[in-house]
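> Here is my input; please provide its structure:
(chains A and B)
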Amino acid sequence: DAKTTQPTSMDCAEGRAANLPCNHSTISGNEYVYWYRQIHSQGPQYIIHGLKNNETNEMASLIITEDRKSSTLILPHATLRDTAVYYCIVRSATDSWGKLQFGAGTQVVVTP
Amino acid sequence: GAGVSQSPRYKVAKRGQDVALRCDPISGHVSLFWYQQALGQGPEFLTYFQNEAQLDKSGLPSDRFFAERPEGSVSTLKIQRTQQEDSAVYLCASSLAPAGVGEQYFGPGTRLTVT
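The predicted model follows:
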């Protein structure tokens, strides 16, 4: 079973920030939070990951709460090309060979 | 550089036929994963290779599924006596490091339809 809970869908206006929540209340100390997205008919694409500190890269920012039980992925200026299913994944660094356990994800639709 | 490639992109098989799906990972990548994605669902892990060694096959749904990576690069997922429930997109991913923290790069997938 997936270790995360995400909303089924979200709409976002083009040019606005998109804030995608994720709950992972059973996360353990050696588990990272990863975000991937999957554009229609493509393979998943890595976005960002973090352990406990907030992270930022050219695609997005990841905000992890102090108790690590939830996180938010922020797309600062959503474009139409950001329409995709976004997956929040909790991944162990030391066991399970690093396999990714995907849930159902959040379908994000960016509208003009 | 080239990403992960998979072939064929689409495969239609009659029930009972055997199929072979190919994955070309990024050159030099140690880890290779296979995932199965049913329509409308997230990908599910099938099996993991570290170089040529298959270290985890816990996700393979039945003994009709077989995967290999004999030289530690190209991998093949074989499904024998296909059934309708095998219809799905089969995704391959590779990563540079042995399993652990690191980015997995996914191919475009092979869409298998069993009629």
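
> three-state assignment of the residue sitting nearest the centre point of chain B?
Among the residues of chain B, the one closest to the centroid is B:Trp34, at 3.3 Å (C-alpha atoms, centre = their mean). B:Trp34 falls in the strand class when you classify it by DSSP: H, G, I helix; E, B strand; the rest coil.

> Any idea what it is bridged to?
B:Thr47, B:Cys92 (DSSP bridges).

> Can you list the residue ranges for strands in chain A?
Here chain A has its strands, by DSSP state E, at A:9-13, A:18-23, A:31-38, A:45-50, A:55-56, A:61-64, A:70-75, A:84-92, A:106-111.

> Using a markdown table, please lay out those together with mean pLDDT.
Below are these laid out as a markdown table (pLDDT from 0 to 100):
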| stretch | mean pLDDT |
| --- | --- |
| strand A:9-13 | 96 |
| strand A:18-23 | 98 |
| strand A:31-38 | 95 |
| strand A:45-50 | 96 |
| strand A:55-56 | 96 |
| strand A:61-64 | 98 |
| strand A:70-75 | 98 |
| strand A:84-92 | 94 |
| strand A:106-111 | 97 |
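
> closest to chain B out of those?
strand A:45-50 (4.4 Å; C-beta to the nearest C-beta). Quick note: C-beta positions are derived from backbone N, CA and C, even for glycine.

> Let's see the pLDDT reported for the residue nearest to the centre of chain B.
At B:Trp34, the pLDDT value in this model is 98.

> Quick one: end-to-end distance for stretch A:62-74.
6 Å (C-alpha to C-alpha, to the nearest Å).

> wait, stretch B:18-27
28 Å.

> And that stretch, what's buried?
Burial within stretch B:18-27, assessed by neighbour count using 16 or more other C-beta atoms under 10 Å in any protein chain shown, is assigned to B:19, B:21, B:23-26.

> Among those residues, which are located in strands?
Per DSSP E, the subset of the buried residues of stretch B:18-27 in strands is B:19, B:21, B:23-24.

> For chain A, list the residues in contact with chain B, please.
A:2, A:32, A:41-46, A:49, A:85, A:87, A:91, A:93-94, A:96-105 (C-beta under 8 Å from any C-beta of the partner chain).
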